[in-house]
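Engineer: sharing a sequence plus its predicted fold:
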Amino acid sequence: MVDITIRKRPRTEAVLTQRKFFKKTARGKVIKVLRERYLRDDVGCGIDGCSVCHDLRDFSLPSSGSSAHAQYPNGHFVLPDTNVFLAQMDLMESDLFNPPIILLQTVMEEVRHRSLPLYNRLKALIRAEDKRIWVFYNEYRSETAVIREEGESPNDRNDRGIRMATAWYKTHISLARPPVRGQPSRPSPTVVLLSDDVANRQKAEKEGLVSISVRKYVEALQDTSKLLDLLSAPGSDEVEPTRVASARQALYPDYLPMSTLGAGVKSGQLHQGHFNANQYNYLEGNVPVAAFDKPILLIGRENMNRAVQGDVVAVEVFSESEWKAPADEVVEQETTLRNDDADESEEENDDEEAIAERKVLQAERARREASVRQPTGRVVGIIKRNWRSYVCHIDSTSLTSSNTTSLSQQTVFATPVSRLLPRIRLRTRQAPALLGQKILVTIDRWDSTSRYPEGHFVRALGKVESKEAEQESLLLEFDIPYRPFGKAILDCLPPEGDHWVVPPKTADNPVWRDREDLRDLIICSIDPPGCQDIDDALHARTLPNGNIEAGVHIADVSHFVHPDNPMDSEAAARGTTVYLVDKRIDMLPALLGTNLCSLRPHVERLAFSVIWELTPEADIVNVRFTKSVIASKSAFTYEEAQIRKDDPKLDDDLTKSIRLLNSLAQKLKANRMAAGALNLASPEVKIQLDSSESSDPIDVEQKELRETNSLVEEFMLLANISVARKIEEAFPQTAVLRRHLPPPRSNFEKLQDILQKRKGLTLDVSSSRALADSLDKCLDPNEPAFNTLVRIMATRCMLSAEYFCSGSVARDTFGHYGLASSIYTHFTSPIRRYADVLVHRQLSAAIGYSSLHATLHSKSHVERVLDVVNRRHRMAQMAGRASVEFYVGLALKSRGKGKATTEEAFVIRTFRNGLAVYVSKLGIEGLVTFKRETQFDPDAYTMTVPAASPEAVGTTIAVFDKVTVEIEVEKDKNTQRGRVKMTLRSPVDSSTL
Amino acid sequence: MSSRVEILNDGGYRSDGRRQYELRDIDIDLSQQGTADGCCTITHGLTQVLVTVFGPKEAKMRSQTLHDRAVINVEMNVLPFSTGERRRRARADRRILELAATIKSTFEPVVQTTLYPRSQIDIFVQVLQQDGGLLHACINATTLALISAGIPMTDFVCAVSGGVHSTSPLLDLTTLEENDLPHMTVAVMPRTGKVTLVALETRLHVDRFADIFRLAGDAGQALHKEMKRAVKSRATRLVGAMETGMKPPMGGADAFERDVVMEDKMSF
């Protein structure tokens, strides 16, 4: 049984044992609070071997203190004041700074009240193994407890308490070491009050206590030079002001009324556009608008004025003298604002964080003048908010209590997974339970008095890094509908289910009406390994006249998916099938996608065929489109088809057909290239999974491209182009087409400049042909991967392709820039793309097979559907990439077995304090940041890392340089989110910088 | 700012300087109040409760009279100045009615009501100050008030609240702690170890329940000693006053002896 006692509190000393204060509630009511305090004598001093004290904890301070300081030869203990922790936390955290520290309760509580994040760091410090810190609960010890006197500020009271504790320690040490007879009395160690508060030091000295400023203390230590670096800027020698709760002040300018915005945009005074946050610098964003070539730059919190990524905003442009270049520095919200407090940061409009931010901005301002200018402006109003639910993590340092049984409501920060979003403040009662989980948070509002948006908790997705949670968060983050198909949708499937077969050929069977019987043709499909939704198959044969007949057969999805039924609307809403590394989210129910429509070998399937007659030089003699029934003879993977084609021993019809197709494809490609098609590159890697069940990644490898890949691609392009011509001709107003606008020249300026300056190469962007040619010339004889890198960077300068309705845009903008084709559409993957389904319907009507559904005659309807499809398409791409990225992280982890992997990488961008690098082998991009100052030349795209010794010449790193980086996945301490961390290994080691 | 207070810090101290298993200072005043037959003021930390007992007396309300035992009637009144925020609570406040009913059901099995058929015992509870542990202070004060009224009971009833912070159990919570922690009140009869009341209004993990329950029971024993001491010193003072003031009453010595015998029984 534990010892249960009743503590006695002398009523006569109520002044000392009770505390009375007034508190103002959130509603403005003033209430009187009475608290009691039990003073005790069993609070231990923590000095090992103390004969007087006893405590439940093991005493951790050495009996004679530390003699590492020259000024205190008898040994000493350090007793820091609050300001030391508030201002010099980096120093206290340093491995090199380890004198025995007496940490007073007063100090701890003051830190807690001033800044929770700092308090949490302090707590971590106390727990750290290598620190010798004893927490002395001076407020509970009868001798050292102080009460606030009349007219005394809380700050002065705390200072007095600290001095009193120092004095107590001083006498206590001498009491606790009674002189032993016969031995020379050892000098007792000194207790040093460490404070940057001059007034406190003066008072302490008056009371006969030893006190010293942090700087002076550190100067006399052994590792002075290293430690002095960690000191924060001097000049803060004044008495720290106690914060007085002021009325809430607006941090942001108010928005203009909606009518003013509308009028302003119309008259051209204001500009409307989507707000894009800068992922490298949270204090900067931009808004691309029609009136300027370059997007309008918004610098600083006030100018961004509460806009969140994706919002449609109205922007006022500043006069040209204020135009600036975008920032060249990496500014991370977490590091700059890590000491910000969730609870009541709106009150501190002039606190350290704001000052820190201002410093960052000012520092940049000076440098910005030199380089290229861009219009700047400020957000004056929000036209449309685009808020949704965001996947976030709870920031553990913003918690007031991480105790899981706590029922109290806390205000905490949720850090969104996306770097483009600000932290969200939310109030929750279950914060401790949500730590280390992915949660969904919705933004509710963002008042002008609040630095952060306010949101609320929606639901928890699961543990961070569990596959389910990561997958779901990905889907949510990219707004991908992933619910299973409902009953109404499944009811639209053929009632036979997977027993459905092509009915026998009879004259009166409606399925066979106007369908060509191509079951005897030697058709095969070539797809990536493991492909279940086979939507295309091919054949080729020589005709008696010497020409070649080639056919592309596409799954006849429109036979099963009828317009305007639940399945069709669902597919239209989903827009596309989404491929994640370990999961596929289908657009159509699996029965259709992987079975009835899928052109599997050896079974009869309905198809929509495009059949050309081509000359041996691959010129089209004629083309016809027909609904058909086919029976694929084989389903190859790219690799199998390649091997088959290259195997000289094989000479069957199937192999000949592949060879024929291949020879045509090569000619088609050559023609296309001659027309100026671009050979672009995107970072593509493949994740090797352990097995289909466990889906644990084993390794990452780059995707291999074979001849057969290009074979399939060429015929699909040919089919798409032929179909596009046909439907545009039949339905000039509503044909579903796809285009790729030529990129504006200004997009390439930076890349051109870099290439010119770094490699002496020129990039001609006058036409896609010129660009293709000059890209071919971008070669570095020593570096084969360089060309790919340039291609990737060039791809990023381009616009993305989009679906459009032929009646909605001018005829001369139909062109597809990347493919150098005057017209293009998507016809070949109806199982996984909704646009293709529409194209199928239109083509079917164009050849008189069926009538066109009324909705496809309506321009506005087609436009609306394509808007959705375009957006889904973009999201699906991003989700796929993010999924790969997540798995690359996992693979790195399993590969490294806790150790970091080292890879070669290219520098793709230089910042003032870091480098963006691209690791081609893994297809990932990363950021290497330097803490120390570097010399940065924005015009030459170089940065110079100063050498350790002043005499030596620093190392210069430029864009396109090949470097070696160490890649590891580290968990962010606060948010628990894993992130790829890169450190430079060569040419210089950045781990210490 | 109250959320900024640590409930239990790393040094094992609570926000008011107590340790986990330490109860707050308890002050018991059994002096006579007006015409009450028995009364007691308990100041437990900053919670102060005044309980007065009237009876047993003839039941007023015919309809509620029980022919075989006495009726216990508990009325509770929370004074508006008892909390920091001045707030008048109606007599019929559901919360107060519930507390009163809890006190009533706690004492019904302990008071030997069968000795007084067709009568009633009135218990008036005045809450003067609140700072957590209201229910247990009320119960303890009622026990002592009943004793000072000379109403026969089978045992003391000693109540203590207990809560849990993370995995560490705490005893005797203040308002500050009650707001933050799951907590329960346990009333035990220390001699037999029987439990007459367990009140749990917050969600508490089932694994922690047994711990806290047992601990609160043990704390009841500790409290019992304090309460017994108060009763004894009050009795001694009364007896002393009788001896000095007038001639010894008839059979006074006998009565005293009987008391001592009873005392022996009580200690265990």
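Structural biologist: Looks like it arrived, so ask away. Numbering: from 1, shown residues only, chains lettered A, B, ... in the order given.

Engineer: which helices and strands sit right next to the helix or strand containing A:Asn83?
Structural biologist: Element membership for A:Asn83 (DSSP states H and E) is helix A:82-87. Helix A:82-87 is packed against helix A:105-114, helix A:116-127, with contacts defined by 3 or more CB pairs under 8 Å, 6 or more residues apart in numbering or on different chains; DSSP states H and E. Backbone N, C-alpha and C define where each C-beta goes, glycine included.

Engineer: include mean pLDDT, distance to chain B and mean neighbour count when you put those into a markdown table, please.
Structural biologist: What follows is the helices and strands packed on helix A:82-87, written out as a markdown table (pLDDT from 0 to 100; distance: least, CB to the nearest CB, whole Å; neighbours: other CB atoms under 10 Å in any protein chain shown):
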| stretch | mean pLDDT | distance to chain B | mean neighbour count |
| --- | --- | --- | --- |
| helix A:105-114 | 86 | 6 | 22 |
| helix A:116-127 | 83 | 7 | 19 |
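
Engineer: was I right to think A:Ile439 contacts A:Arg459?
Structural biologist: Yes: the pair A:Ile439 / A:Arg459 is scored as a contact, 7.1 Å apart, by CB atoms under 8 Å.

Engineer: check what pLDDT the residue nearest to A:Cys50 when sequence neighbours are not counted gets.
Structural biologist: Spatially, and ignoring its direct neighbours in sequence, A:Cys50 is nearest to A:Ala176 (4.6 Å; CB to CB, 6 or more residues apart in numbering or on different chains). For A:Ala176, the pLDDT comes out at 71.

Engineer: quick one, what contacts A:Ala176?
Structural biologist: Applying CB atoms under 8 Å, 6 or more residues apart in numbering or on different chains to A:Ala176 gives the contacts A:45, A:47, A:50-53.

Engineer: now with 10 Å, please.
Structural biologist: A:Ala176 makes contacts with A:45, A:47, A:49-53, A:63, A:169, A:188, as judged by CB atoms under 10 Å, 6 or more residues apart in numbering or on different chains.

Engineer: so which helix or strand of the chain has the lowest pLDDT on average?
Structural biologist: Looking at chain A here, since you left the chain open. Using mean pLDDT, DSSP states H and E, the weakest-scoring helix or strand in chain A turns out to be helix A:352-368, at a mean of 59.

Engineer: rewinding a little: how close does the residue nearest to A:Cys50 sit to A:Gly44?
Structural biologist: 11 Å (CB to CB, to the nearest Å).

Engineer: find the residues that touch each one of these two.
Structural biologist: Applying CB under 10 Å, 6+ apart, one finds that A:Ala176 and A:Gly44 are jointly contacted by A:50, A:52-53.

Engineer: dump the C-alpha coordinates for stretch A:544-564 into PDB.
Structural biologist: Extracted in PDB, the C-alpha atoms of stretch A:544-564 (Å, rounded to 0.1, in the frame of the first residue of the first chain):
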ATOM      1  CA  PRO A 544      -1.900  -8.400-102.100                       C
ATOM      2  CA  ASN A 545      -1.100  -5.000-103.700                       C
ATOM      3  CA  GLY A 546       2.000  -4.700-101.600                       C
ATOM      4  CA  ASN A 547       0.600  -2.200 -99.200                       C
ATOM      5  CA  ILE A 548       0.200  -3.100 -95.500                       C
ATOM      6  CA  GLU A 549      -3.000  -3.300 -93.600                       C
ATOM      7  CA  ALA A 550      -2.600  -2.300 -90.000                       C
ATOM      8  CA  GLY A 551      -5.300  -2.300 -87.400                       C
ATOM      9  CA  VAL A 552      -5.700  -0.900 -83.900                       C
ATOM     10  CA  HIS A 553      -8.500  -2.400 -81.900                       C
ATOM     11  CA  ILE A 554      -9.800  -0.700 -78.900                       C
ATOM     12  CA  ALA A 555     -12.100  -2.100 -76.300                       C
ATOM     13  CA  ASP A 556     -15.600  -1.200 -77.100                       C
ATOM     14  CA  VAL A 557     -16.500   0.400 -73.900                       C
ATOM     15  CA  SER A 558     -19.300   2.500 -75.300                       C
ATOM     16  CA  HIS A 559     -21.200  -0.800 -76.000                       C
ATOM     17  CA  PHE A 560     -21.500  -1.300 -72.200                       C
ATOM     18  CA  VAL A 561     -21.500   2.200 -70.900                       C
ATOM     19  CA  HIS A 562     -24.500   4.000 -72.200                       C
ATOM     20  CA  PRO A 563     -24.900   7.700 -72.000                       C
ATOM     21  CA  ASP A 564     -26.600   9.300 -69.000                       C
END
